[in-house]
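S.K.: Next comes the sequence, and after it the predicted model I'd like to discuss.
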Amino acid sequence: MKVVFDKAELLAAITPAMGAISSRRDNPILECMKINAKEEGVRITTYDNEKGFHVDMDANVIEEGCCLINAQRFFGMVKNMPGDITLECGKNMIATLSSERSQYEIQYQDPKLYPNLTEISGRQSFTLLQSQLRDVITQTMFAIAENNDRLQLNGAYFTVDNGYIHVVALDGLRFAERMIRDENIIKTNIEVAADTEVQFIIPKKSLIEVIKLLEDPDEKITVVKARRHVTFKVKNVTFHTALIDGDYIQYRRFIPKNETTTAIVNTAQLRDSLERALFITEYKEAGRLKAPVKLNFYDGLLNVSSVSSSNRMSDDIAAVKTGEDLEIGFNCRMLLDTFRVLESEKIKLKLTTPLSAMAMVPVDDDDDSFLYFTFPTRIAEGY
């Protein structure tokens, strides 16, 4: 095999593929990337037993062939080369990378040892803007559980049909729901009933790789769902991942109802106040737990405060309150995670008791674009 690459194009191709290189040391083959050169171009493949990439690129293929090269080493070598790169794989299992007067040699592996990573045949697919997919992921991903015994909570639950995409995440202490309605979100069903929604649960670590692909907000992305996998196609990059099997939790029963207090506040003002409170709540002192942040709703104000043994903060924020006065405490960082993704100018807070979850919803009752809620923490007497 002998191929001449443009350095910038090669780097652009292998960078996303690095997201599916195995970090485990029990299978050296999965630490490699597969480089398959044919007359029509080069395909780079990586796979870690759960997720994988195909990246297609143009190159000057002088001699067709295929090889496996340790991905981390190859990536480092390519970055350090001065210009266009010639990759040549000899019969002695030594690959040579040369560029101008520079040259590397690296041992490669037999491509027959690599897992057979074929194209996934999907039963359903949908198309939407990259910006839409980025929004629903980034604005819910923070609420995905980490290593929960209920495996389904370790991923985000997607539901898609013509005209909308809906994503939910729940970690037991907070909940995130995001909905985008747009008639240009188009679903295609293959071998299933036309009115069947596309539904799947995708792991958090796979969503991190998907976000990296969404570089052009105005371009579309195609998502194809098979029985146990889902594939994302963006230009010359195809990313596929295993899905989390099973049914998602019946989350609707956890959504707070029958609120006794509501307050409309400026989102940015409350976010900034929580950022200031975080400085106090995260301050660690020997033998002391992290302090909660307290929200006190009264008259036309929301007071945000936090106290440690040697520090104190307090902010007053204008609030349009209806219902009863109420004090409630939260883990500041967990509540702040929600406010860091909120984009609306104002937000409605809905509360029931000091020990019930606080919901965060749009001011317009007819707007179902998002719903968040966070469970509180107890506040000690005299805090």
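M.R.: Nice, I can see it. Keep in mind that what you see is a predicted model, and the values were worked out from it rather than measured. Numbering: from 1, shown residues only.
S.K.: And stretch 372-379, what's buried?
M.R.: Residues of stretch 372-379 classed as buried: Tyr372, Phe373, Thr374, Phe375, Pro376, Thr377, Ile379 (neighbour count, 16 or more other CB atoms under 10 Å). For every residue, glycine as well, the C-beta is placed using N, CA and C.
S.K.: tell me which element the first one falls in.
M.R.: Pointing back at Tyr372 there. Element membership for Tyr372, per DSSP states H and E: strand 370-374.
S.K.: Who are the packing partners of that strand?
M.R.: strand 174-181, helix 332-339, strand 358-361 (3 or more CB pairs under 8 Å, 6 or more residues apart in numbering; DSSP states H and E).
S.K.: got CSV for those, with mean pLDDT too?
M.R.: As requested, these are arranged in CSV below (pLDDT from 0 to 100):
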stretch, mean pLDDT
strand 174-181, 97
helix 332-339, 95
strand 358-361, 97
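S.K.: Make CSV out of the ones you listed and add mean neighbour count and distance to Asn27.
M.R.: Listed next are the helices and strands packed on strand 370-374 as CSV, based on neighbours: other CB atoms under 10 Å; distance: least, CB to CB, whole Å:
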stretch, mean neighbour count, distance to Asn27
strand 174-181, 21, 35
helix 332-339, 20, 35
strand 358-361, 22, 44
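S.K.: Looking at those, spot the one closest to Thr127.
M.R.: strand 174-181 (13.3 Å; CB to CB).
S.K.: So what does Lys34 look like in phi/psi?
M.R.: According to degrees, to the nearest 10, the main-chain angles of Lys34 amount to phi -90, psi 120.
S.K.: Not including adjacent chain positions, what is the nearest residue to it?
M.R.: Nearest residue to Lys34 in three dimensions, chain neighbours excluded: Thr45, at 4.1 Å (CB to CB, 6 or more residues apart in numbering).
S.K.: now Thr281
M.R.: Excluding its sequence neighbours, the residue lying closest to Thr281 (CB to CB, 6+ apart) is Cys332, at 4.0 Å.
S.K.: Equivalent analysis for Asn331, please.
M.R.: Residue nearest to Asn331 in three dimensions, not counting chain neighbours: Thr377, with 5.7 Å by CB to CB, 6+ apart.
S.K.: mind listing what that neighbour touches?
M.R.: Thr377 makes contact with Pro292, Gly329, Phe330, Asn331 under the criterion CB atoms under 8 Å, 6 or more residues apart in numbering.
S.K.: what do you get for Ala143?
M.R.: With CB under 8 Å, 6+ apart, Ala143 has these contacts: Ala169, Leu170, Asp171, Arg174, Phe175, Ala176, Asp337, Thr338, Tyr372.
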